[in-house]
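**Q** Structure for this input, please:
(4 chains)
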There are 2 protein chains.
Amino acid sequence: MARPYHHGDLRAALLDAALRAVEAGGHATLSLRELAQGLGVSHAAPYRHFANRDALLAAVANAGFARLAEAWLAAWQGSGPKAAAPAARLRVAARAYIGFATERPALFRLMFQGPAPPGAEAAFAGLQATVAAALPGAAEAVVKARTIAMWSALHGFAWLCLEGRIRPAMLGPLPPAAMLEAVLDTALGPAE
Amino acid sequence: MARPYHHGDLRAALLDAALRAVEAGGHATLSLRELAQGLGVSHAAPYRHFANRDALLAAVANAGFARLAEAWLAAWQGSGPKAAAPAARLRVAARAYIGFATERPALFRLMFQGPAPPGAEAAFAGLQATVAAALPGAAEAVVKARTIAMWSALHGFAWLCLEGRIRPAMLGPLPPAAMLEAVLDTALGPAE
DNA sequence: GAGGCGGAGTTGGCAATGTCAACATGAGGC
DNA sequence: GCCTCATGTTGACATTGCCAACTCCGCCTC
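**A** Okay, the predicted model is just below:
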C-alpha cells in the first residue's frame, strides 16, 4: 500500500517529529531533510508548512513554552491545599521549573534562544500570576520586581546546571539538592 | 607584492577574526570558509590550527571568559577603597557582569553554550574569591552556596535581558535600572 | 652551504544541507 | 463533472564542513 499523495496532517507530524528530534539531539543538528525523510515525504514538503528551518524551530519552542507553563501551574495548583503557605507552594513550582529544564535540556535551550515565540509571553504571565497570588495586596511594581528577580535566579540556576557549568564536583561537601534549596532561598526568601 | 606563502600567525588572526565575527553576527552564522577568505588564505587553512569549527568556537569562548573574568575583577578591585563595604563592592562587580553580557550578547551566548572551555573554571574561581572576600570568616560551604546563588541570579537576569525575554515594556512603570537593582537585592541582599 | 624534514598552506573534491522554481496530484466546492 | 488551489514532488543551486593529496619553504643537521 503506497503512501497517499497527501499526508493528512503533515504540519502536526513535522512539529511532533521536530520536538522529538530536538529533545534527542539538540536543535543544532536538526535537519529538515532528515525530518522529511523520516515522515516518508519529499525533502521540500516541509516548506509548505513552515517558511524555513527557523520557523519550525520557533514552533517547537512555542510548544515547549506551553508545556513549561503547564508544568508550572500544575505544580502550583497541586501543591497541597489552597490555604497552604504561598511561599511553600512557590517552592514546589520552582522545583518544577528546574525539573523541566534538567529533564529536557535540549528543548529548554532552544526555548530561551533567539526571538521569543508568542507562548513565552503567556508563560511569563503565568509566573507573574502565581507570584501575585503569593503576595496578596502587593503593588504591581513590587510583584513585577519579585517575579523577575525570582525568574532570574531560577532560570540562571537551571541554565548553568544544564550546561554543566554547575557540577556536583564544584559543590564540595554540599549535595546538589542543598544547592537547589540555597538558590531557592535567595530567589524566594528563606524557607524558614 | 604577493602574500607570502606563510601567514605568520594565522592562528591568532583566525581567533581574532572569529571573535569579531561572533560579536557581529552570532556564532551560528560563522563560516570557516568566509573567515579564511577574509584573511586571504585558502578555505582549508584553518584546519591546520583548529581541529574543526567547534574547536575554533571553543577557543573564542575561552577568550571571552578571560575578558569576563578581567572585567569582574577590575570592577571589584576598582570599586573604591579596599575598606569599603564588601556588599557595595560586589554590587559594582555584578553590574559589570550584566554590562559585559548586554554589550557583547553574541559572545556571551556562545560562552554559555556547549561544553565549558578551561577558562570558564578560572572565571568561576574569580567569582568565588570575591564572594569569599565579602564574607570573611564564612565556612567554605556557605561561600560556595552564596556564590552559586548569586551567580544564578546574575546570569539568569543577564541572559533573559539579552535574549529579549525581559523587556522594558514588561516592567510597566519601573525603569530598567530599578529592575537591575531589585535583582541585585535578591542576589546579594538588600543594599540598605 | 647542501640536504632534507616537517609545519603551514593549497587545490580539488565529497556529501549534506537550506532554499527555491517549476511541475504534479487530488480533495472539495461550484 | 469540472476546476481550483493547497499540498507534495522533482530537480537544481549555492554554501558549508571536512578530508586527502600535494606543494612550499623555514630551519635544523651535517
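**Q** Go ahead and name everything in contact with whichever helix or strand A:F124 is part of.
**A** When elements are defined using DSSP states H and E, A:F124 is found to belong to helix A:118-134. Judged by CB atoms under 8 Å, 6 or more residues apart in numbering or on different chains, the contacts made with helix A:118-134 from elsewhere in the structure are A:61-66, A:68-69, A:72-73, A:76, A:86-87, A:89-90, A:93, A:111, A:138, A:143-144, A:146-147, A:150-151, B:165, B:170. From N, CA and C alone the C-beta is placed, and that goes for glycine too.
**Q** Check which residues of it are buried.
**A** Along helix A:118-134, the positions that meet the burial threshold by neighbour count (16 or more other CB atoms under 10 Å in any protein chain shown) are A:119-120, A:123-124, A:126-128, A:130-132, A:134.
**Q** Keeping just the C-alphas, turn it into CSV.
**A** What follows is helix A:118-134 as a C-alpha-only set of coordinates in CSV (Å, rounded to 0.1, in the frame of the first residue of the first chain):
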residue,chain,number,x,y,z
PRO,A,118,4.2,34.0,21.5
GLY,A,119,3.9,31.3,24.1
ALA,A,120,6.8,32.8,26.0
GLU,A,121,4.7,35.8,27.0
ALA,A,122,1.9,33.7,28.2
ALA,A,123,4.3,31.5,30.3
PHE,A,124,5.7,34.6,31.9
ALA,A,125,2.2,35.8,32.7
GLY,A,126,1.6,32.5,34.5
LEU,A,127,4.7,33.0,36.5
GLN,A,128,3.6,36.5,37.5
ALA,A,129,0.1,35.4,38.4
THR,A,130,1.4,32.9,40.9
VAL,A,131,3.8,35.4,42.4
ALA,A,132,1.0,37.9,42.7
ALA,A,133,-1.1,35.3,44.5
ALA,A,134,1.8,34.7,46.9
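**Q** So which bits of chain A are right by DNA strand C?
**A** Selection of chain A residues close to DNA strand C by CB under 7 Å from any atom of the strand yields A:4-6, A:30-34, A:43-44, A:47, A:51-54.
**Q** For chain A, which segments count as helices?
**A** A:10-25, A:32-38, A:53-77, A:86-103, A:105-111, A:118-134, A:140-162, A:176-188 (DSSP state H).
**Q** B:H155 is nearest to which of those helices?
**A** helix A:140-162 (3.9 Å; CB to CB).
**Q** okay, the angle between that closest one and helix B:118-134?
**A** Taking axes from the mean of the first three to the mean of the last three CA atoms, to 10 degrees, one finds helix A:140-162 and helix B:118-134 inclined to each other by 130 degrees.
**Q** Could you check how far stretch A:41-56 is from the centre of its chain?
**A** Relative to its parent chain, stretch A:41-56 has a centroid offset of 24 Å by CA atoms, centre = their mean, to the nearest Å.
**Q** Oh, that last question was meant for stretch A:112-120, not what I typed.
**A** Stretch A:112-120 sits 10 Å away from the centroid of its parent chain (CA atoms, centre = their mean).
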